[in-house]
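Participant: Can you look at this prediction? I've put the sequence above it.
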Amino acid sequence: MTPNRCKILVVDDEAPLRRLLEKELARSGHLVETAENGESGLAKYREEIFNVVLLDIRMPGLNGIEVLRRMRAESTVPEVIMLTGHGTIESAVECIKQGAYDYLTKPVKLDELELVIQKAAEKNRLRLQNISLRLDATKHNPDTLVGQSPAFRRTLELLARVAPTREPVLITGESGTGKELAARALHALSPRADRPFVAVNCGRLNLHTAESELFGHAAGAFTGATKNRAGVFELADGGTLFLDEVSEMPLDVQVKLLRVLETSTVRRLGGNKDIRVDVRLVFASNRDLEAWVEKGQFREDLYHRINVLTVQMPPLRERLDDIEPLAHHFLSMAPYPDGGPWQLTPETLATLRAYPWPGNVREFRNVIRRACILAQRPVITPDLLPFSVGSPTRKNRAPAGDTLRPLWMVERDHIRAVLEAVGGNKSRAADVLGVDRKTLYAKIAKYDL
C-alpha cells in the first residue's frame with residue numbers, strides 16, 4: 001500500500017453522503033468500506049484492519065461517541081475522524097477525550113477531508129512503525145520472530161495491528177511455524193506487556209485434569225484436593241492467556257471456556273462463587289478448525305467466538321527469503337568455536353533453500369544446532385546437514401519398503417543415528433534432538449539403546 005493510500009471505514013447513516021465519500025475516496029486511491037449504523041460499523045471494525053475511520057456522531061441506535069468509545073477500548077491503532085452536522089464545543093471536547101484524531105463539521109469539504117485523512121494515515125503509519133521497531137529490538141533473543149520475506153512481513157504487520165486490541169486472536173499454521181512466538185509478540189506489543197503471559201498446551205489436558213488446570217479447584221473438590229488452587233485464568237489475570245492446540249480441548253471443557261468468554265468469570269471446580277478475570281485470550285491450532293467443527297470435534301459457537309481476529313503463520317517453504325537471516329540468527333546463538341564467527345558456504349545455503357522443511361522453523365533451528373555441534377571448524381558445510389539437495393521430500397518419497405514403519409521405530413533409529421554421530425555424548429545428542437537430557441535418557445531406556 002503506497003504512503004498516500006489507506007484502508008478507510010466510513011460509518012454514517014446518511015446514504016447519499018456515504019455513497020459520495022465512498023466514490024470520492026476510492027477515486028483518490030483509497031480502499032473503502034462503509035456501514036450504515038454504529039452496530040454494523042463495529043462489526044466491520046472487528047472483522048478487518050483499517051488505517052482510518054470516518055465516524056458520524058448522530059446516528060440511530062448507537063451514537064458515534066459510544067461507537068468511538070468501544071472502538072478505542074478494543075484498539076488504539078486506527079485513527080478515527082468524527083463527522084457531525086451539529087457541532088458543539090462540548091461534543092468536540094468529548095470526542096477528543098475519547099481518542100478521536102480530529103473533528104469535522106458537515107458539509108465536509110473533500111479537499112480538507114483528504115488532507116486530514118493523509119495526516120491521520122501518516123500518524124497511523126508511524127504508530128505501526130514504532131510497533132515494528134519494538135519487535136525488531138527483541139532480535140537478540142533466540143526465541144523471537146525473524147524474517148524479511150513479503151509473506152512474513154505481512155504477518156508481522158498484522159500482529160502489530162491486532163496487538164493493542166482486547167479481542168481474542170486465533171493464530172493458525174502448521175507445526176513449527178512459530179505460533180507461540182507470535183502469541184508472545186502480541187503480548188509484548190500490547191498494553192498488558194508488563195503483566196503475566198501464561199501458556200497452556202491443550203493437547204496435554206485430559207477430561208479429568210483440564211477443568212482444574214484451567215479454572216482451578218476448591219479444597220475437597222476431588223480426592224487429593226487438599227487446598228484451594230487457582231487455575232491459569234486467575235494466574236493470567238490482567239495479562240494474556242495463550243491456549244495452544246485449542247482444537248484438542250475436550251468438548252465438555254469447551255462449553256465452560258465459552259462461558260468464560262461471554263461472562264469474563266470463572267468458577268473453580270467444586271467452588272460456589274464466580275471469580276471475575278481480565279484476560280486477553282490468544283488461541284492457536286495447526287488444524288482446520290472449520291473442518292473440525294463439521295466433524296463434531298469442535299463447538300461451532302466457540303469457533304465463531306474465537307475466530308474474531310485470525311493470524312496465519314506462513315510455512316517456511318513459502319519464506320525462502322528468510323532462510324539466510326534465520327540461519328544467521330540461530331548461528332549467532334551458538335558458541336563461537338576457535339576461528340571466529342560462524343559462516344555458511346553458498347552450497348550450504350542452496351541446500352537449505354532447496355529442502356521443503358516439513359517441520360518448519362522448529363526443524364530448521366534443530367538442523368542448524370546439530371550442524372554447529374558436529375562442525376570441526378566455524379564453517380557450516382552441506383555434509384553437516386542431515387539431508388542433501390537430492391533428498392526425497394514427503395511428497396515424492398516412495399511409500400513402499402521399509403519406509404512403512406511404526407513411528408516408534410523411526411524415532412528409535414533416529415536417536416540411535418544421532419548418538420552415533422556425536423560419539424555417544426548424550427548432552428550433545430539432546431541438543432541435536434531438541435529435547436532435554438531427562439527426556440533423552442527416558443527414550444534410551446525405552447528403546448534399550
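Facilitator: Right, received. Where do you want to start? Residues are numbered from 1 along each chain as shown.

Participant: Tell me where the stretch 101-250 of the chain has helices.
Facilitator: Remark: helices assigned in the stretch 101-250 of the chain by DSSP state H, counting those that start in this stretch are 110-136, 150-162, 179-189, 210-215, 232-235.

Participant: pLDDT on the third one, on average?
Facilitator: What it means is helix 179-189. Helix 179-189 shows an average pLDDT of 92 in the prediction.

Participant: And for the first one?
Facilitator: Mean pLDDT, computed over helix 110-136, is 79.

Participant: follow-up on the earlier one: with residue 373 as the reference, name the closest of the helices of the stretch 101-250 of the chain.
Facilitator: helix 179-189 (23.1 Å; C-beta to C-beta). C-beta: built from backbone N, CA, C; applies to glycine.

Participant: among the helices of the stretch 101-250 of the chain, which is nearest residue 34?
Facilitator: helix 110-136 (14.9 Å).

Participant: looking at it, residue 6 is touching residue 31, isn't it?
Facilitator: Yes: the criterion here is C-beta atoms under 8 Å, and residue 6 meets it with residue 31 at 7.4 Å.

Participant: is it possible to export the helices of the stretch 101-250 of the chain to JSON lines including mean neighbour count and distance to residue 288?
Facilitator: Supplementary listing: those in JSON lines, determined by neighbours: other C-beta atoms under 10 Å; distance: least, C-beta to C-beta, whole Å:
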{"stretch": "helix 110-136", "mean neighbour count": "15", "distance to residue 288": "28"}
{"stretch": "helix 150-162", "mean neighbour count": "19", "distance to residue 288": "19"}
{"stretch": "helix 179-189", "mean neighbour count": "22", "distance to residue 288": "15"}
{"stretch": "helix 210-215", "mean neighbour count": "22", "distance to residue 288": "22"}
{"stretch": "helix 232-235", "mean neighbour count": "19", "distance to residue 288": "26"}
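
Participant: Residue 285 is nearest to which of those helices?
Facilitator: Closest approach to residue 285 among those (C-beta to C-beta): helix 179-189, 8.2 Å.

Participant: Counting by contacts, list what the closest one packs against.
Facilitator: Helix 179-189 makes packing contacts with helix 110-136, helix 150-162, strand 169-172, strand 197-201, strand 240-244, strand 280-285 when contacts are defined by 3 or more C-beta pairs under 8 Å, 6 or more residues apart in numbering; DSSP states H and E.

Participant: pLDDT averaged over stretch 10-28, what's the number?
Facilitator: Per-residue scores along stretch 10-28 average to 93.

Participant: Tell me the buried residues in that stretch?
Facilitator: For stretch 10-28, burial by neighbour count (16 or more other C-beta atoms under 10 Å) applies to 10-14, 17-18, 21-22, 25, 28.

Participant: Equivalent analysis for stretch 165-184, please.
Facilitator: Under the neighbour-count criterion of 16+ other C-beta under 10 Å, stretch 165-184 has 165, 168-174, 176-184 buried.

Participant: Residue 308 contacts residue 48, correct?
Facilitator: No: if you go by C-beta under 8 Å, residue 308 and residue 48 don't touch, sitting 11.2 Å apart.

Participant: which one of the two has more residues nearby?
Facilitator: residue 308 (16 against 12; other C-beta atoms under 10 Å).

Participant: Now do that one against residue 47, distance only.
Facilitator: Distance, residue 308 to residue 47, using C-beta to C-beta, to the nearest Å: 8 Å.

Participant: Pull the number of nearby residues for residue 347.
Facilitator: Residue 347: 13 surrounding residues under other C-beta under 10 Å.

Participant: Surely residue 380 touches residue 346?
Facilitator: No: in this structure, residue 380 is not within contact of residue 346 by C-beta under 8 Å, at 11.2 Å.

Participant: These two - which one has more neighbours?
Facilitator: Neighbour tally, residue 380 and residue 346, criterion other C-beta under 10 Å: the higher count belongs to residue 380, 26 against 7.

Participant: now the residue nearest to the spatial centre of the chain, nearest residue through space, not along the chain?
Facilitator: With distances taken as C-alpha atoms, centre = their mean, the residue of the chain nearest its centroid is residue 182 (3.9 Å). Closest residue in space to residue 182, ignoring its immediate chain neighbours: residue 171 at 5.2 Å, by C-beta to C-beta, 6 or more residues apart in numbering.

Participant: from what I can see residue 216 touches residue 269, true?
Facilitator: Yes: if you go by C-beta under 8 Å, residue 216 and residue 269 touch, sitting 6.9 Å apart.

Participant: Who has more neighbours out of those two?
Facilitator: Using other C-beta under 10 Å as the criterion, residue 216 and residue 269 rank with residue 216 on top: 23 against 20.

Participant: check contacts around residue 19.
Facilitator: Shown in contact with residue 19 (C-beta atoms under 8 Å, 6 or more residues apart in numbering): no residues.

Participant: tell me, how many neighbours does residue 91 end up with?
Facilitator: Close neighbours of residue 91, defined as other C-beta under 10 Å, add up to 18.

Participant: part of a strand, is it?
Facilitator: No: counting by DSSP: H, G, I helix; E, B strand; the rest coil, residue 91 is located in no strand; its state is helix.

Participant: so it makes contact with residue 56?
Facilitator: No: taking contacts as C-beta under 8 Å, residue 91 lies outside contact range of residue 56: 11.8 Å.

Participant: So for stretch 267-281, mean pLDDT?
Facilitator: For stretch 267-281, mean pLDDT is 91.

Participant: Mind listing what's buried along that stretch?
Facilitator: Residues 267-271, 275, 277, 279-281 are the ones in stretch 267-281 that count as buried (16+ other C-beta under 10 Å).

Participant: what about the chain, any weak spots by pLDDT?
Facilitator: For the chain, applying pLDDT under 70 flags the ranges 1-4, 74-77, 128-143, 339, 388-406.

Participant: Domains of it: list them as residue ranges, please.
Facilitator: According to automatic domain parsing, the chain comprises the domains 7-133, 150-312, 316-397, 400-449.

Participant: how long is the second one end to end?
Facilitator: Read it as domain 150-312. 14 Å (C-alpha to C-alpha, to the nearest Å).

Participant: returning to what we had before: any residues in contact with both of residue 91 and residue 56?
Facilitator: residue 84.

Participant: Let me know the distance separating residue 343 from residue 80.
Facilitator: Counting by C-beta to C-beta, the gap from residue 343 to residue 80 is 51 Å.

Participant: Please identify which of those two sits among more neighbours.
Facilitator: More crowded of residue 343 and residue 80, by other C-beta under 10 Å: residue 80, with 25 against 14.

Participant: chain center to stretch 352-370: distance?
Facilitator: Computed by C-alpha atoms, centre = their mean, to the nearest Å, the chain-centroid distance of stretch 352-370 equals 21 Å.
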